[in-house]
Every structure is written in C-alpha cells, then in structure tokens.
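>>> Sequence isn't available, so here's the structure alone:
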C-alpha cells in the first residue's frame with residue numbers, strides 16, 4: 001500500500017526503513033512484486049541482512065544500506081572456533097543454542113542430525129554474518145565486565161574471587177552508575193556513554209549503495225559515505241554515487257523527494273490525505289498568515305499585511321501628493337495664477353467702484369464673490385499638504401466656505417432679478433428687500449447656515 005502511494009504521487013522518492021528483519025523480508029517481497037525498478041530510494045538500517053537485499057537488487061538500484069565500519073577483532077575468530085558444548089560444558093545456554101543453530105539433536109533416536117557431528121560454530125550457515133553480529137555482544141561483555149570490575153574495586157575489593165562475598169556485595173541497581181562511566185578501548189573505536197546514557201563516539205557507519213554494472217549486468221554495494229562518530233562528521237563521496245534514471249535529481253546532485261513543496265510566504269498549509277502532504281493556499285491581499293500557518297486572519301482598519309513575512313499587520317503608509325511632484329508644482333502654479341487674477345479683479349472693481357455697471361451689479365456681492373474665489377484658490381495648496389487632522393478639517397471647511405461665498409451671492413442676485421421682473425409684469429412698484437443691504441443679509445444667512453453645518457460635522 002505504501003509503495004503504491006509513493007509511486008502514484010511521483011514526488012516522494014526516498015523511504016527510510018525502520019523495521020525488524022522479518023518485516024524487511026516482507027518489504028523486499030513487495031518491492032519485487034510491485035516492480036519498483038529503482039523509482040524509490042530505500043534507506044535500510046544496520047540490522048538488515050545483506051542476503052535479504054540480494055533478492056531485490058534489480059528493483060532497488062540506488063538504495064542505501066547502513067553498516068558498521070568495523071575493524072575485525074583479532075581474538076574473536078580464534079575464540080569462536082573453539083566454542084562448543086564440550087569446551088564450555090558449564091555454559092547453560094550453549095548446548096540448547098547449538099541444537100537451534102544446526103537443527104540437530106543429542107538424542108541418538110531422533111531423526112535430526114546428531115549435534116556431535118558438528119565440530120564448531122563456524123560450520124553453521126551464514127557464519128560470517130553471525131560473527132559480525134557477535135562483535136556487538138563482545139563489546140557488551142567488555143562494557144559490563146569493566147563496570148563490574150570498577151564496582152568491585154570501589155565497593156568491596158576484598159571480595160574479589162569469592163563468589164559468596166560478591167553475591168552479597170554486588171547490588172544490581174547500583175551497577176548502572178558504573179556502566180555510564182565506562183570507557184573501553186576496542187579495536188578501532190572507544191566505547192563510552194554520554195549524559196543521556198547513550199553510547200557516544202563508539203562506532204563508525206558506512207553507507208553502501210546498490211549499483212548496477214551494465215557491462216556484466218551485476219549488482220555491487222559501493223561505499224558512498226561514512227559517518228565518523230568520534231568527530232560527529234559525515235564524509236560523502238558524490239563521485240561514487242549512482243542514481244537510477246527514474247529518480248529526479250536536484251541542482252545539488254542528490255535525489256529530490258518531497259510529497260509537497262514548502263509553501264511560499266503569504267501561503268497557508270492545508271493538510272492533505274497523507275500526514276506529510278499538503279496543499280498551499282494564498283491568503284487574500286488584506287490577510288496575514290496565522291502563527292501555526294494553517295489559517296488566514298484579516299488585518300484591522302488602516303493596517304495592511306507586512307509584505308516581507310505576511311505574519312503581522314502594519315499601518316498603511318501615508319501616500320499623498322507632494323509639493324515637489326509634477327502635479328504638486330502644477331497645482332501651486334495654478335494657485336499663483338488664480339490669486340494674481342483675483343487680486344487684479346479686486347483692483348478693477350475698486351477702481352470702477354462708482355461706475356454704473358459695477359454699482360448695478362451690487363459692488364458688495366462682487367467683493368464677496370472675489371473673496372470666495374480667493375479662498376478657493378488659496379486653499380488649493382492644502383490638498384498637497386501632508387494629511388493631518390488639522391489639514392483635513394481646514395481643507396474641508398475652507399472649501400465649503402469659499403463655495404458658499406461664491407454661489408451664495410449669485411443665488412441672491414438671481415432671486416433679486418427674478419422678483420424684479422415678476423413685479424414688473426404685475427405692474428408693482430413697491431418691492432421689498434431688493435436693496436443692497438437686504439442682499440448682504442440674505443448672503444450672510446446662507447453663509448451662516450453653511451458654517452453651522454460645517455462645525456456640526458467637525459464636532460460630531
């Protein structure tokens with residue numbers, strides 16, 4: 001099932017195997033049945049028998065098996081060849097294990113071969129692999145023996161050689177403390193324990209890769225990397241590596257194996273049907289990514305997502321027209337021209353103050369209109385100023401007041417002309433509130449209404 005999922009996704013290309021040898025045997029059978037054909041790189045642990053992998057080498061090209069880079073123990077081969085139930089008659093387990101190793105029997109009436117026919121454990125099937133595993137037990141024996149020696153030397157040195165005294169002296173629960181302090185020299189390595197009570201700087205691991213030799217159609221295990229625990233360092237030989245053509249290779253020269261690529265900044269993770277797979281969803285432009293990267297959160301008023309990380313909301317920077325901008329310069333130039341034209345118009349009105357045309361147009365209203373035009377033109381630079389509370393209120397207030405000063409008198413004058421023509425049509429001669437003072441009063445009323453509305457808006 002796992003192999004089918006990996007092959008269907010076309011993304012996950014490396015499978016690290018953590019299993020007992022019996023499970024690895026089943027995995028190898030599945031690899032051959034599915035015909036992986038090098039489309040997945042398997043990383044097998046140290047406990048994997050090499051003989052198991054030989055059964056599926058054609059489908060596991062490029063896969064790696066981790067082994068101990070052992071230096072042979074010079075005393076072990078001689079010792080193991082002398083081990084028999086007859087040379088160690090007091091060993092309580094060897095006799096029974098001998099029957100299991102050789103599938104034999106000590107009973108002469110049994111149908112199984114006689115255990116006395118086997119002269120040494122080296123005759124057992126797979127003896128080299130047994131010797132490799134046995135070296136771990138040798139290390140274990142050395143560690144325990146050293147810890148017991150240190151314990152006895154400290155707690156009860158007089159009991160050495162006396163079994164009864166040692167049984168009374170040695171407390172099993174106290175031995176662990178001495179085991180953690182052990183430092184044993186073994187061929188090519190030193191065995192000791194760290195603060196977490198784990199072996200530290202003990203072994204070296206070699207990574208062997210299954211490679212296909214096309215010239216003679218054979219498969220070999222090539223060392224491509226080594227982990228040196230003494231220095232906590234990995235030595236890699238990239239030139240010795242060879243990958244299956246079905247495996248995608250990244251720019252660094254190593255296989256690319258991802259079920260889902262990491263999401264980009266501003267995206268959240270949406271869990272897929274597999275725990276290691278997901279989909280990426282980009283948050284909307286006004287949303288930030290939650291701390292756990294699984295949801296989007298909207299920013300508050302006048303804030304915007306930080307464009308670098310999308311993890312926090314920041315104040316929206318103030319963007320406004322500046323006096324040095326081309327439109328700002330154009331607006332200031334227009335303001336100067338408008339004010340100059342307004343001043344010239346005022347001078348013209350003052351110069352012809354007593355002329356019939358100006359008097360007939362109501363000189364006071366003309367001056368009010370020109371004042372409104374001056375305010376409107378003079379208010380134009382406020383639209384370029386940096387937006388502040390006082391500039392915003394001033395701009396709105398002056399604009400509304402200048403608008404009223406311009407169009408208020410025009411409305412009053414229009415109503416006055418309308419009333420005069422209507423009275424003439426009815427032959428009325430006594431028309432009220434059409435003199436200059438009345439027009440100023442009406443204009444003042446309109447202006448005060450506007451000012452009242454503006455200050456009501458400001459105070460609300």
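Cool, the structure landed. Quick caveat, the model's predicted, so the values are computed rather than measured. Numbers count the residues shown, from 1 in each chain.
>>> Do you know the pLDDT at the residue nearest the centre of the chain?
With distances taken as CA atoms, centre = their mean, the residue of the chain nearest its centroid is residue 262 (6.7 Å). pLDDT, residue 262: 84.
>>> quick one: contacts for it?
With contact set as CB atoms under 8 Å, 6 or more residues apart in numbering, residue 262 has no partners. Using the backbone N, CA and C atoms, a C-beta is placed for each residue, glycine as well.
>>> quick one: secondary structure of it?
Secondary structure, DSSP: H, G, I helix; E, B strand; the rest coil: residue 262 is coil.
>>> Phi and psi next, for it.
Main-chain torsions, residue 262, degrees, to the nearest 10: phi -60, psi 140.
>>> Check the gap between it and residue 280 for me.
With distances taken as CB to CB, to the nearest Å, residue 262 is found 8 Å from residue 280.
>>> Helices along the stretch 1-150 of the chain, start to end?
Per DSSP state H, counting those that start in this stretch, the stretch 1-150 of the chain carries helices over the ranges 2-9, 21-34, 50-54, 76-82, 94-102, 127-155.
>>> Export those to TSV and append columns for distance to residue 173, mean neighbour count and mean pLDDT.
Formatted as TSV, the helices of the stretch 1-150 of the chain follow (distance: least, CB to CB, whole Å; neighbours: other CB atoms under 10 Å; pLDDT from 0 to 100):
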stretch	distance to residue 173	mean neighbour count	mean pLDDT
helix 2-9	43	14	67
helix 21-34	33	15	82
helix 50-54	39	15	77
helix 76-82	32	12	75
helix 94-102	29	15	83
helix 127-155	12	14	74
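>>> Nearest to residue 336, out of these?
When those are compared by CB to CB, helix 2-9 sits nearest residue 336, at 70.7 Å.
>>> Got phi/psi on residue 108?
Taking degrees, to the nearest 10 as the convention, residue 108 sits at phi -70, psi -20.
>>> How about it: what's its closest non-neighbour residue?
residue 114 (7.0 Å; CB to CB, 6 or more residues apart in numbering).
>>> I'd assumed residue 58 was in contact with residue 31.
No. Applying CB atoms under 8 Å as the test, residue 31 and residue 58 come out as separate, 9.6 Å apart.
>>> what bridges to residue 315?
Under DSSP bridges, the beta-bridge partners of residue 315 are residue 303.
>>> State the distance from it to residue 304.
On the measure of CB to CB, residue 315 and residue 304 end up 8 Å apart.
>>> Looking at these two, which has the bigger crowd around it?
Neighbours per residue (other CB atoms under 10 Å) separate residue 315 from residue 304, with residue 304 holding more: 15 against 9.
>>> how close does that one get to residue 263?
On the measure of CB to CB, residue 304 and residue 263 end up 21 Å apart.
>>> cool, residue 413 as well?
69 Å.
>>> just residue 437 next, same as before
77 Å.
>>> Who has more neighbours out of these two?
Neighbours around residue 437 and residue 263, counted as other CB under 10 Å, are more numerous at residue 263. The numbers are 17 against 8.
>>> since we're on the nearest residue to residue 95 once chain neighbours are set aside, how many residues are nearby?
Distances taken as CB to CB, 6+ apart place residue 85 nearest to residue 95, at 4.5 Å, with adjacent residues excluded. Using other CB under 10 Å, residue 85 has 17 other residues around it.
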